[in-house]
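Undergrad: Could you work out the structure for the sequence below:
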Amino acid sequence: MRRPRRKAEETREDILQAAETLFRERGIAGCSIADIAQALSMSPANIFKHFHSKPALVDAICERHIHHLVDRLATLDEQAPAPTRMARVACNIMEAHLQDIRENPHLFEMILMVSKANLPSAMIYRQKIEDLFADLITQGMAAGTYHCKDANAASQRASAAFASILHPVLLANADLGELHDRCDGLAELVNAALQNPFAK
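TA: This is a model prediction of the structure:
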């Protein structure tokens, strides 16, 4: 009897899971589309139906990781004042990246590929961070803590200010001993700017 056809979303998820497992075990360079297909007992052509290239597959894995990371931190300390949340969210994103660099080198290898090739997930990460900061700034404006005209424009500037602790590639080459001081200092600087009533 022929097996029932699986939904495209299920097949896509299976491919992502198998690819990430093999990338973790062998590294990206040591794993081909044919290897992923073999692990799933399907043809390489079936992989290409869902992902047109290995970089596209890497990009999809990174995008999934980005959504999981940022969405998890978006609800962190929701009842805390906006300046407190700003500092905690920035430092927690930094910590999550440092943990991946230590424990999931395959993921860092993928992020490096995505950054160099300017793949869509790199832009998605930037937008997710800016949206997260925009929500925090809007919360602060509603409470009368932050003073600015445009939360979205302010979030772009805040994201740029935090770049040295939020970009995984920059973190990989940073002095780990001073990163926490840098994070605290940047949060203090960003909060001071946003709380300045003359910055409107």
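Undergrad: Nearest spatial neighbour of the residue nearest the centre of the chain, chain-adjacent residues omitted?
TA: In the chain, the C-alpha closest to the average C-alpha coordinate belongs to I66, at a distance of 3.3 Å (CA atoms, centre = their mean). Ranked by CB to CB, 6 or more residues apart in numbering and with sequence neighbours excluded, the top spatial neighbour of I66 is Y125, at 4.8 Å. (Glycine included, C-beta is placed from N, CA and C.)
Undergrad: And for the one you found, the neighbour number?
TA: 23 (other CB atoms under 10 Å).
Undergrad: Repeat that for the one 3 residues further on.
TA: When neighbours are counted by other CB under 10 Å, K128 registers 20.
Undergrad: Kindly report the same for A160.
TA: Neighbours of A160 (other CB under 10 Å): 12.
Undergrad: Now the element after the helix or strand containing it, going C-ward?
TA: In this assignment (DSSP states H and E), A160 forms part of helix 151-161. For helix 151-161, the following helix or strand on the C-terminal side (DSSP H and E) is helix 163-166.
Undergrad: What helices and strands are in contact with that next one?
TA: helix 82-103, helix 168-172, helix 176-195 (3 or more CB pairs under 8 Å, 6 or more residues apart in numbering; DSSP states H and E).
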